[in-house]
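Student: Provided below are the primary sequence and the corresponding predicted coordinates.
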Amino acid sequence: MKRRALGPCGTPWARGRVGRGREYRREPGAAEASVASGASGPGNGAGGGGGAWGSTEDPSKCSPRFWEELFLMKVNLEYLEGKLESLDGEELMKIKDNINCLFQHCIQALGEEHPIRVVNALQTLCALIRGVHQKNKSTSGFDIINMLMGFDKAELCMKNLMESLDSLLCAEGSESLKSLCLKLLLCLVTVTDNISQNTILEYVMINSIFEAILQILSHPPSRREHGYDAVVLLALLVNYRKYESVNPYIVKLSIVDDEATLNGMGLVIAQALSEYNRQYKDKEEEHQSGFFSALTNMVGSMFIADAHEKISVQTNEAILLALYEAVHLNRNFITVLAQSHPEMGLVTTPVSPAPTAPATPLGTTPPSSDVISSVELPLDADVQTSNLLITFLKYSSIVMQDTKDEHRLHSGKLCLIILTCIAEDQYANAFLHDDNMNFRVNLHRMPMRHRKKAADKNLPCRPLVCAVLDLMVEFIVTHMMKEFPMDLYVRCIQVVHKLLCYQKKCRVRLHYTWRELWSALINLLKFLMSNETVLLAKHNIFTLALMIVNLFNMFITYGDTFLPTPSSYDELYYEIIRMHQSFDNLYSMVLRLSTNAGQWKEAASKVTHALVNIRAIINHFNPKIESYAAVNHISQLSEEQVLEVVRANYDTLTLKLQDGLDQYERYSEQHKEAAFFKELVRSISTNVRRNLAFHTLSQEVLLKEFSTIS
Amino acid sequence: MGDTVVAPAPLKPASESTPGPPGNNGGSLLSVITEGVGELSVIDPEVAQKACQEVLQKVKLSHGGVASSDRGTPLELVNGDGVDGEIRCLDDPPTGIREEDDETEATVASGTAKGARRRRQNNSAKQSWLLRLFESKLFDISMAISYLYNSKEPGVQAYIGNRLFCFRNEDVDFYLPQLLNMYVHMDEDVGDAIKPYIVHRCRQSVDFSLQCALLLGAYSSDMHISTQRHSRGTKLRRLILSDELKPAHRKRELPSLSPAPDTGLSPSKRTHQRSKSDATASISLSSSLKRTASNPKVESEDEPVRLAPEREFIKSLMAIGKRLATLPTKEQKTQRLISELSLLNHKLPARVWLPTAGFDHHVVRVPHTQAVVLNSKDKAPYLIYVEVLECENFDTTSVPARIPENRIRSTRSVENLPECGISHEQRAGSFSTVPNYDNDDEAWSVDDIGELQVELPEMHTNSCDNISQFSVDSITSQESKEPVFIAAGDIRRRLSEQLAHTPTAFKRDPEDPSAVALKEPWQEKVRRIREGSPYGHLPNWRLLSVIVKCGDDLRQELLAFQVLKQLQSIWEQERVPLWIKPYKILVISADSGMIEPVVNAVSIHQVKKQSQLSLLDYFLQEHGSYTTEAFLSAQRNFVQSCAGYCLVCYLLQVKDRHNGNILLDAEGHIIHIDFGFILSSSPRNLGFETSAFKLTTEFVDVMGGLDGDMFNYYKMLMLQGLIAARKHMDKVVQIVEIMQQGCRRCSGASPATASGPVMTVAQVICSQLPCFHGSSTIRNLKERFHMSMTEEQLQLLVEQMVDGSMRSITTKLYDGFQYLTNGIM
């Protein structure tokens, strides 16, 4: 009789002759009917209407094998979630005990031998968690815990759950089972928009699954399957109440020193990023080869920019966040950045739009480290070696092209923050500046009206820091627009400054075309001044101006320690003299603002002081050049002639040594960036939740895998 | 070679039983006799006894009393077994022959022993004189090898085989290629005579085992698979590789546990009997070290694999070379190389070593970013630097624990702090204060950039004036309120000065990536790599470098190395100040190997291409003007090396001498590399390029012109060198001659001029090495020593050769010779 009651009352499980291995799909119509009946009659709720849900009676009482049989049946996730959603608060409270009971039994079933039970239990748990949350978005986390498990049993319950998940993840079991475990965890972590309000995670903190995640990352086969999910999960867990309490995941992540694990993590990130790069490139090529090329010839290059804006591939902030956390928290991870791996973008992998299916890594297996065994890399002549940093730089160059929508702005900002962390790290700097590690990095450059797309082929092979500088110059040049990304600009200049500080300290003489940087900086100053009124309304442009001027001061006073040749020092002077108008204008502007007692008085006067050397140079050399021109009767001096004057007149010029040019404030997330990261994590959570598809792990696949029912 | 401590004490007076455990019979003759009775029963003890009776008698009568002081100055011997071996040779040579024979060889041995007896009777008179020679102190390894090769008497061969034990290991090692080639290619008596020694040494040293195995493989590779002799070489090789020859009695010990005095001359019993508790203590110690999952290289301590890791190491290096060869551009090759090596790094440290090094060590890291691909048309030889930790004994020291890459950061600050002005002891002491790397707090407390100490070249810190100090450290004017002014001119001047002070570095050229790497002074490179290495703080850290060649036959290079080495020692012995630099060769197989690079040297081709200067101007640029001390000594070095290599080129007929094959080192020496074409072979085997040696006007210019004193000095050196070499011609010819042994392909070759027994044995003329092409290689070689000429005639000859070589370049006229340029600039 109970069995009968279960069926028509719309249990979320398929009704069937349990025990004989035959399962039937529920008729959708029947489901509708039962939901309706369950919802309509409150009196019925105790009896037939809610079925197992509404029923206060325990169906297991009369059938001792009820739960065993139950978990052999397929779960109807949609129904279960929908049902929970459809109930209002009070109704939900009524069936609380049933939910608790089901939840507990699900956890118990995780320990079952037969995987089909485990699968069903996992899916049921997902549905329960999601369903209850969706209903109770406003309610506090404690209520949700109560609803799912009951306060009294919650601790034990979650402990059991986490332990079961941990052992499932670490066991040699089925891959799809592990995948489902990770999905459940991701589901649990992302049910709330604000991860820090998800009180259940407190139990995940206490019962850590960190080790299981690491194990997945350190073993090549499991990393290939689940690396992406594991990394995202880790990134999210690290962000749980990161500013308020001691998060064990932060602590643990920061002290991981196992190379295989860290490399595994790096590989997962590199793969996801290069997959993005590849997709972007494909799209770009598509655009160019299509109607567009024909159009260009006719209409001209005016539309290039517009056309390219359309090329947007969904950015992947989750993986970027993972990269950030790894770089920021774990100093050992820095070495992974330089870890070589064959260029992923060139490996042919099926295009997978969902980021949840990372491509299989090829030849990236970290070698088993027992005895030396022959290292096997794919014997493909076309495969160019690359590393995570290069992939990241390429990714950044794409993301930074367009910062108009919020996602991309976030991504761009995060890229710059990561670069800031890298630029502060000594080891990272050491390999960025390593003269022996030369790479050809194809950064994406925004097509602009006044310049042609640089040919990729004849890029020289240079130390990686050149690529970083290129990227910064590229950013400076391409973002002078009305919606001025002030914050990004400040970060960008900071990155350059930090790199220069390293070069000065370590006396690295980088053979870089500094001229490009100088002229980009001067152009930026020009832009700031010409848009003074608009920008001043929103930003303090003087901090940026001060930073730019101080970069020049760094070159002027410490150039001897890091410039590659004496002539590059001459060129610096030449550039300053050539563009003296900009500096003159800046000076008069800051002078004006610092004399009248306004809002910007102090900020402007700082810039005034910083300009002292540049003004000295201009005032010293300009008359000399003019007189040279007059003496020699030349109206337009050539560059060589100006340089000659410069070289001849150094000795009579005195400069003032400024303080703290080579000092900088270290990056700190705690206060300044907290809001940004909260927002970022929120959007990532939403995104991950949306992408969590239980249906990707279709029942058929699982059934096939576990078809032998003993 | 550092095996002193554990070397089993060989023969003692018969009453004193050696404590050596069973299985080390390679070292202990006595134990062989007692143990091997069953096996050796086939051999008639009487035969052996008789074969050497005379020998024993004579020696005991004539030398017995003073034997030990008379001969070989045994006290000078470094090897522990040398002293005892001396005695053993005296006592019991014939039985010694059989000491290592196993069952398979035993039957064969009995046959040869009979033959020996027969012959012995005929030659007994001659033998006694021979014996006196053998026992005299003049009898050195070179003679031993010569008699081993030339003598047809199994007794003599057996005696010499036994006598090998008495020579210093290093001396015999030099002739290892000859010994093994004889073993592979000559008749069984020789092989039987050599084998015990080889086996004994293999037991002692894993490095020796490896070298033997590799050489045996390489020298056997030319033979027909079917030949029986082939199987003898490969059999021994298999035996060595099977790891059966490992010393079973050795217990592993940590070097730190054995105090230094233990390493004295006498092998102490304490080390032998090092109790298990010591070993287990070391095990528990190492296992208590924090090991990460990436480094689960906890060896099975009781059964360390001797050769397997090393062979895998070599195999992976070769595999990299093969893969690189498939890439089209240098740039791609370099990048690929770096990434492959970074993967290789994951498996280090391991129980592997570089056979080209002269000391025991473990490889701990390959600084992958420093590796470069060398210039080659279709193959991809590459140069790697290898960080090793020196150890007392490779076998007994445990593999160093892995230190993760990033740990370097905490070490740096520690190492750099007291860098200047402290004595070596102090510095050594400071190493011990290096924090324990497993202590994470220690590593964490270091603030990267804040602690960032820059090691400036001393020149800067000392010579910089006050103002330049400001430029180094920005001062805070809170302390000094007055603003500090600096002159722009000073900044500019410092910039140009500092650039001028840095030694002329080469420009990076993607087509020639090795130029920059090779130009950097070795010391500078060592310092730089040490600074960047997580192992750099360890006091026993060393940097080695090696060129990995894949697809090239280095057997000829090895031959050339031996000849050069021999000439070097001859000239040293005769006090002729000629300078040559033999570089070590490791033959891995018939088509692969490793070369020890010459440090601080770049090819003349690279010099000229990079500097765009003539050689003389480059000398002036590098060393200073004509009258400076530096230039003069560089010039002298140039002349001495030039004369040395001219003689080498002449004697060995080294061909293919383009500027890419001639290096110039930082002191002005030239060094010839690539001996791919020597003796009878020349590029495309056309027999052109027949000038005696390469002497260009540029070279002469560096020497100060044709009329200069240095040029006369050059010619005089040549003459002296030739006279000295002539005096010891046999030593040189012998090396080449033995290596000629090879397949029987040209068995009908004509016996040449030289003395009887040599050529009767050497009917087998043709080894597959191209340098032995044709039948007259050895004859021609001997002729080039001009034994019959007077010194005046020789002087004339040198003049002629110099003249001819000069003219063959300058005027392109040949003096009875054809000359073909091969693309020299």
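Tutor: Arrived safely, thanks for sending. As the structure is a computational prediction, the values presented were derived from the model and not from experiment.

Student: Start and end of stretch B:356-367, how far apart?
Tutor: Separation of the first and last residues of stretch B:356-367 by C-alpha to C-alpha, to the nearest Å is 18 Å.

Student: Just give me the neighbour total for the residue of chain B found nearest chain A.
Tutor: In chain B, the residue that lies nearest chain A is B:Ser339 (3.1 Å; C-beta to the nearest C-beta). All C-beta atoms are positioned from the backbone trio N, CA, C, and that covers glycine. Residues lying near B:Ser339 (other C-beta atoms under 10 Å in any protein chain shown) number 22.

Student: Just the element for it, please.
Tutor: helix B:330-345 (DSSP states H and E).

Student: now the helix or strand just after that helix: mean pLDDT?
Tutor: Sequence order places strand B:361-365 as the next helix or strand after helix B:330-345, per DSSP H and E. For strand B:361-365, mean pLDDT is 89.

Student: Direction included, what does strand B:361-365 pair against?
Tutor: Sheet pairing of strand B:361-365 (DSSP bridges) gives strand B:382-390 (antiparallel).

Student: what comes up buried for the partner strand?
Tutor: For strand B:382-390, burial by neighbour count (16 or more other C-beta atoms under 10 Å in any protein chain shown) applies to B:Tyr382, B:Leu383, B:Ile384, B:Tyr385, B:Val386, B:Glu387, B:Val388, B:Leu389.

Student: Give me the angle between it and helix B:330-345.
Tutor: Relative orientation of strand B:382-390 versus helix B:330-345 (axes from the mean of the first three to the mean of the last three C-alpha atoms, to 10 degrees): 20 degrees.

Student: In the stretch 351-500 of chain B, where is pLDDT below threshold?
Tutor: Applying pLDDT under 70 to the stretch 351-500 of chain B flags residues B:377, B:406-482.

Student: swap in the stretch 201-350 of chain B?
Tutor: Applying pLDDT under 70 to the stretch 201-350 of chain B flags residues B:222-231, B:243-305.

Student: Chain A too?
Tutor: Ranges of chain A meeting pLDDT under 70: A:1-69, A:72-73, A:75-76, A:89, A:135-142, A:287-313, A:340-385, A:447-458, A:693-710.

Student: report the longest helix in it, please.
Tutor: helix A:259-287 (DSSP state H).

Student: Tell me the helices and strands packed up against that helix.
Tutor: In terms of contacts (3 or more C-beta pairs under 8 Å, 6 or more residues apart in numbering or on different chains; DSSP states H and E), helix A:259-287 is packed against helix A:210-218, helix A:220-238, helix A:304-310, helix A:317-329, helix A:333-337, strand A:385-387, helix A:388-401.

Student: what about the ones you listed, which gets the closest to B:Leu324?
Tutor: For the helices and strands packed on helix A:259-287, proximity to B:Leu324 was assessed by C-beta to C-beta; strand A:385-387 is nearest, at 11.7 Å.

Student: Now for the residue nearest to B:Ala350 when sequence neighbours are not counted, how many residues are close by?
Tutor: Leaving out its chain neighbours, the residue that sits closest to B:Ala350 by C-beta to C-beta, 6 or more residues apart in numbering or on different chains is B:Pro309, at 5.1 Å. Counted by other C-beta under 10 Å, the residues lying close to B:Pro309 total 23.

Student: swap in B:Ala630?
Tutor: There are 14 residues near B:Ala630, going by other C-beta under 10 Å.

Student: hmm, back to that, in the longest helix of chain A, what counts as buried?
Tutor: Going by neighbour count (16+ other C-beta under 10 Å), the buried part of helix A:259-287 is A:259-281, A:284.

Student: So which bits of stretch A:241-257 are buried?
Tutor: So stretch A:241-257, judged by 16+ other C-beta under 10 Å, has buried residues A:Arg241, A:Lys242, A:Asn247, A:Pro248, A:Tyr249, A:Ile250, A:Lys252, A:Leu253, A:Ser254, A:Val256, A:Asp257.

Student: possible to save these as CSV with secondary structure?
Tutor: What follows is the buried residues of stretch A:241-257, written out as CSV (DSSP: H, G, I helix; E, B strand; the rest coil):
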residue, secondary structure
A:Arg241, coil
A:Lys242, coil
A:Asn247, coil
A:Pro248, helix
A:Tyr249, helix
A:Ile250, helix
A:Lys252, helix
A:Leu253, helix
A:Ser254, helix
A:Val256, coil
A:Asp257, coil
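
Student: now, which of these sits nearest chain B?
Tutor: In terms of C-beta to the nearest C-beta, no member of these lies closer to chain B than A:Asp257, at 5.7 Å.

Student: Hmm, the closest one is touching B:Glu405, no?
Tutor: No - using C-beta atoms under 8 Å, A:Asp257 is not in contact with B:Glu405, being 10.2 Å away.

Student: who touches both of the two?
Tutor: Common neighbours of A:Asp257 and B:Glu405 (criterion: C-beta atoms under 8 Å, 6 or more residues apart in numbering or on different chains): none identified.

Student: mind listing the strands in chain B by residue range?
Tutor: B:361-365, B:372-373, B:382-390, B:485-487, B:541-550, B:585-589, B:592-595, B:601-603, B:662-665, B:670-672 (DSSP state E).

Student: Which residues does the second one contact?
Tutor: In this case it means strand B:372-373. So strand B:372-373 is in contact with A:436, B:324, B:330, B:333-334, B:337, B:380-383, B:513-514, B:517-518, going by C-beta under 8 Å, 6+ apart.

Student: let's see 6 Å
Tutor: B:Lys330, B:Lys333, B:Thr334, B:Leu337, B:Tyr382, B:Leu383, B:Pro513, B:Ser514, B:Ala517 (C-beta atoms under 6 Å, 6 or more residues apart in numbering or on different chains).

Student: Same question for stretch A:391-399.
Tutor: So stretch A:391-399 is in contact with A:270, A:273-274, A:277, A:280, A:315, A:411-412, A:415, A:441, A:443-444, A:467, A:471, going by C-beta under 6 Å, 6+ apart.

Student: Name the nearest of those residues relative to B:Gly804.
Tutor: Using C-beta to C-beta, the contacts of stretch A:391-399 come closest to B:Gly804 at A:Val441, 55.4 Å.

Student: give me phi/psi at that closest one?
Tutor: Note on A:Val441: backbone dihedrals following degrees, to the nearest 10 are phi -110, psi 120.
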